[in-house]
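Undergrad: Could you look at this predicted model? Sequence included:
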Amino acid sequence: MSNPQSKRGKAGSDSGMGQVVLDDLRKTKQRDYLKELRELYLFYLDEESRTRLAGMGRLRGAIMLLVWVFQSMLLKLSPARRIALLISIVLAAFSRTTVKILNQGFDVNPGMWGFALLLLILMLELKDKLVAKDEIQIARQVQEALLPDESPHIPGWAVWSYSRPANDVGGDLVDYVDLDGFRHGVLLGDVAGKGLGAALLTAKLQATLRALVPESVSLDDLGTRVNSIFYRDGLDNRFATLFYVEVEYDSGQARFLNAGHNPAFVIRPDRVDPLVASSLPLGMLPATKYREEEIRLDPGDILLVYSDGLTEAQNEDGDEFGQERLESMFDTWRGRTPEEIGNAILDEVDAFIGDTRPHDDLSLVVVVKD
């Protein structure tokens, strides 16, 4: 015989579980709304304005927040749309007023015209966004086609790489160059900035390196020639950092060039050797001197190259992942494959930033001597 009390208990349990699910959904939506509001706040207000707001009282801060956000939004519109938006606001102010047209008894509410004008502005902005989105999607497809599909087979070495743009397209470059049958080039570049402009310069950097690497007599010569091209054809305040390493097949010998990039690390059983930059980034100044350096890796040694999107990854409180947190992981990598090491780094970074949107491109190259 069934127990009515147990049925009621089960129903009550199911009801309680359903309430928990609903509460979780509400909390998730609240987090999404707060995240979007934070992104609006960061998009429309620069760092100086945010600092000034932090020093204001609540009432004055709320007023200035609205004023500065509206001002920033207005300046991001085209001149014609700025005027249209201001007219729509004026018309909306007279929403309770009716106007007779030509004394024919036809009443018009100015507020409705203001709403219609505002709707037109939104439609135009949405049209621009959708057109730009289509173009960026095409740019992303092109960029993905230019990046290597898989890690190369290098006798005596194991290599793994990864690149994740902060936006749809990015300014990081990971690539491999097969050289004369007994050497392989591995590179990670980082163009200043992010988005479409950085992506276009990344494509230029890749094409330049692929053309010059096979014919350069030394990495000194390679850095000088790439720098000359980037400085000649580049834009103001646009430069690129580069870490390039050539490894010999079935040998521990390698030579590298660090042009203004973050220090790479060679993790050995008894110590860690940083491979710091020996010259300025590419395209920053003319006639910059670059220096080739050599290094030897023994079986089990690990070479880690990364872009600053790793150490500068931020959580919702604005704290950075940092180099110390990265270095604290080194001892856990002994005896692991490059892919395992790379995924461990990504898991750690993703857990650190949580739901925060990445603010910079993130790229990794992990090389292990077999």
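TA: Sure, I can see it.

Undergrad: Find the nearest non-adjacent residue to the spatially most central residue of the chain, please.
TA: Nearest residue to the geometric centre of the chain (Cα atoms, centre = their mean): A166, 2.1 Å. Using Cβ to Cβ, 6 or more residues apart in numbering and skipping residues adjacent in sequence, the residue nearest A166 is P358, 4.5 Å away. Any C-beta I mention is one placed from the backbone N, CA and C, and that applies to glycine too.

Undergrad: got it, and R268?
TA: D301 (5.3 Å).

Undergrad: Likewise for F182?
TA: Taking Cβ to Cβ, 6+ apart, and ignoring the residues beside it in sequence, F182 has Y249 as its nearest neighbour in space, at 4.9 Å.

Undergrad: for G260, same thing?
TA: G260 sits nearest to P281 (Cβ to Cβ, 6+ apart), 3.2 Å away.

Undergrad: Quick check on that neighbour: phi, psi?
TA: phi -60, psi 160 (degrees, to the nearest 10).

Undergrad: contacting residues for it?
TA: By Cβ atoms under 8 Å, 6 or more residues apart in numbering, the contact set of P281 is 192, 239-242, 259-261.

Undergrad: pLDDT score for it?
TA: At P281, the model reports a pLDDT of 96.

Undergrad: Okay, it and Y231: tell me how far apart.
TA: Distance, P281 to Y231, by Cβ to Cβ, to the nearest Å: 10 Å.

Undergrad: for the chain, what spans make up the strands?
TA: For the chain, the strands defined by DSSP state E cover 99-101, 106-108, 157-164, 172-179, 183-191, 240-248, 253-259, 264-267, 272-275, 293-296, 302-306, 362-369.

Undergrad: which stretches of the stretch 51-200 of the chain have low pLDDT?
TA: 96-108 (pLDDT under 70).

Undergrad: hmm, 90 instead?
TA: Scanning the stretch 51-200 of the chain for pLDDT under 90 picks out the ranges 54, 58, 73, 89-115, 126, 129-150, 166-170, 180-181, 193-200.

Undergrad: wait, doesn't L124 sit right on L85?
TA: No - judged on Cβ atoms under 8 Å, L124 makes no contact with L85 at a distance of 10.9 Å.

Undergrad: So which of those two has more stuff around it?
TA: Between L124 and L85, L85 has the larger neighbour count (other Cβ atoms under 10 Å), namely 18 against 15.

Undergrad: and the nearest residue to E327 once chain neighbours are set aside, what are its bridge partners?
TA: Distances taken as Cβ to Cβ, 6+ apart place V272 nearest to E327, at 7.3 Å, with adjacent residues excluded. When bridges are called by DSSP bridges, V272 pairs up with I267.

Undergrad: need the contact list for V272.
TA: 265-266, 327, 330.

Undergrad: before we move on, what about G322?
TA: G322 neighbours (Cβ under 8 Å, 6+ apart): T311.

Undergrad: how near is it to A313?
TA: 9 Å.

Undergrad: same question, S279
TA: For S279 relative to A313 (Cβ to Cβ), the value is 26 Å.

Undergrad: now V131
TA: Applying Cβ to Cβ to V131 and A313 gives a distance of 31 Å.

Undergrad: likewise H184?
TA: Distance from H184 to A313, by Cβ to Cβ: 29 Å.

Undergrad: E339 is in contact with Y162, isn't it?
TA: No - the pair E339 / Y162 is not scored as a contact, 9.1 Å apart, by Cβ under 8 Å.

Undergrad: residue ranges of the helices in this structure, please?
TA: Ranges of helices within the chain are 4-44, 47-54, 58-76, 79-93, 110-146, 196-212, 219-233, 308-311, 323-327, 338-353, based on DSSP state H.

Undergrad: low pLDDT regions in the stretch 201-350 of the chain?
TA: Judged by pLDDT under 90, the stretches of the stretch 201-350 of the chain that qualify are 232-238, 287, 316-318.

Undergrad: re earlier: which one of the helices of the chain is the most hemmed in?
TA: helix 308-311 (a mean of 21; mean count of other Cβ atoms under 10 Å).

Undergrad: any idea how far the closest residue in space to R38 that isn't next to it in sequence is from P274?
TA: Once flanking residues are discounted, R38 sits nearest to E316: 7.8 Å by Cβ to Cβ, 6+ apart. To P274, E316 is 30 Å away according to Cβ to Cβ.

Undergrad: Then R296?
TA: When R296 is compared with P274 (using Cβ to Cβ), they lie 16 Å apart.

Undergrad: Could you do H261 as well?
TA: For H261, the distance to P274 - Cβ to Cβ - is 12 Å.

Undergrad: So which of these two has more stuff around it?
TA: Shown here are H261 and P274; by other Cβ under 10 Å, H261 has more neighbours (26 against 12).
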